[in-house]
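In: After the sequence you'll find the predicted model.
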Amino acid sequence: MIAYFNGTYLPREEISISPDDRGFLFADGLYEVIRAYNGRLFKTGGHINRLNHGAAHLNLGIRDFSYLSEVARQLLEKNGLTADATIYFQVTRGAAPRGHAFPEPSPEPTVFASASPFDPAPTRLNMEKGIGVILVPDQRWARCDMKTVGLTANVLANQQAKEKGAKEALFVRDGVILEGTHSNFMAVMDNCLVTAPASNYILHGITRKLVLALCAENDIPHREAPVFATDLPGLTEAFITGTTTEITPVTAVDGSPVGSGLPGPVTRKLQKAFAARIEEDCGKQA
Ligand code: PDD
């Protein structure tokens, strides 16, 4: 596969990253995952804006990554990816002798991008049948709005879910169900869709934002407010959202069914609206 590394396109296996890279040493960097349908990128602008937001807060040497949308397009083309694919971006502060504070002079940021074919079948199955999830205490830091590559807590929580036969772990802080290890969380209670406010405690998901817009367009009552773990018995529906998970129903939490234990009508309506939006932006799905 052809990848992009610091301004050059080259075979992925020819890329070597310095052991002094601050992404490697300190997780001092950011990433994004973008989905392509029919070889066409979906919601690129939102992902680039979020990367720029993180870069500004981290004070990286590059603050405007808008050129990466063209890089992403080129990677799809150079790799002949005309169907389902994902693009991965990672940017770090760059390579410099180890020291916690920002290096002086500032190194050139490391910028990496790659494209991979994406098999939609497992997601489609989960979207159809729903998944079980577990609750875990949120042991992450308090700047989850930045998509940094520091994912240790997410890795451990997701592994815990896997070992329990669940598909995702949801982080709970102060009794609030915030989001998953790689997805946002939404619930339906009292006929209203509720999701945690876009604070520093969650990633401001591109899919989350689109789903809230689709609620507005489809007259689905919705609000951004905390969903407490104690609300679980009263939920009629729940689902997770994300670039690779789209809108996946959550039918059980810690082994107890959510609502009827089957994907509900609000979830189904939003899945349909979401599929229509993909078709509008990227053409009809195979
Ligand atoms: N993860 N919350 C977290 C912690 C995430 O890592 C992600 C995405 C989301 C959903 O955001 P979006 O709708 O913009 O994809 C929420 C990506 C897909 C990943 O880590 O693979």
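Out: Cool, the structure landed. Just so it is clear, the model here is predicted, and its values are computed rather than measured. Numbering: from 1, shown residues only.
In: Which parts of the protein are helices?
Out: Secondary structure of the chain (DSSP state H): helices at 22-26, 44-58, 68-78, 121-129, 152-163, 206-217, 265-282.
In: could I get the ones you listed as TSV with mean neighbour count, mean pLDDT and distance to the ligand?
Out: Yep, even glycine has a C-beta here, placed from its N, CA and C like the rest. Putting the helices of the chain into TSV (neighbours: other CB atoms under 10 Å; pLDDT from 0 to 100; distance: least, CB to the nearest ligand atom, whole Å) gives the following:
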stretch	mean neighbour count	mean pLDDT	distance to the ligand
helix 22-26	19	98	15
helix 44-58	19	98	7
helix 68-78	18	98	15
helix 121-129	14	98	11
helix 152-163	15	98	6
helix 206-217	19	98	3
helix 265-282	16	98	11
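In: Residue 249 is nearest to which of those helices?
Out: The closest of those to residue 249 is helix 265-282. By CB to CB, the value is 4.9 Å.
In: now that closest one against helix 44-58, angle please.
Out: With axes from the mean of the first three to the mean of the last three CA atoms, to 10 degrees defining the directions, helix 265-282 sits at 100 degrees from helix 44-58.
In: so what secondary structure elements neighbour helix 265-282?
Out: Helix 265-282 sits against strand 29-37, strand 40-42, helix 206-217, strand 237-242, strand 246-253, with contacts defined as 3 or more CB pairs under 8 Å, 6 or more residues apart in numbering; DSSP states H and E.
In: run the last query once more with 10 Å
Out: Counting contacts by 3 or more CB pairs under 10 Å, 6 or more residues apart in numbering; DSSP states H and E, helix 265-282 is packed against strand 29-37, strand 40-42, helix 121-129, strand 184-189, strand 192-195, helix 206-217, strand 237-242, strand 246-253.
In: Compare those and give me the one nearest residue 95.
Out: Taking the helices and strands packed on helix 265-282 one by one with CB to CB, strand 29-37 is closest: 11.3 Å.
In: returning to that earlier point: got the helices of the chain as a markdown table, with distance to residue 8 columns?
Out: Output for the helices of the chain, formatted as a markdown table (distance: least, CB to CB, whole Å):
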| stretch | distance to residue 8 |
| --- | --- |
| helix 22-26 | 18 |
| helix 44-58 | 20 |
| helix 68-78 | 11 |
| helix 121-129 | 32 |
| helix 152-163 | 30 |
| helix 206-217 | 28 |
| helix 265-282 | 28 |
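In: Go through those and name the closest to residue 145.
Out: Going by CB to CB, the one of the helices of the chain nearest residue 145 is helix 44-58, 7.6 Å.
In: check contacts around the nearest residue to residue 115 once chain neighbours are set aside.
Out: Counting by CB to CB, 6 or more residues apart in numbering, residue 115 lies nearest to residue 75, which is 3.9 Å off, once chain neighbours are set aside. Contacts for residue 75 (CB atoms under 10 Å, 6 or more residues apart in numbering) come out as 1-4, 9, 36, 41, 68, 81, 85, 87-88, 113-116.
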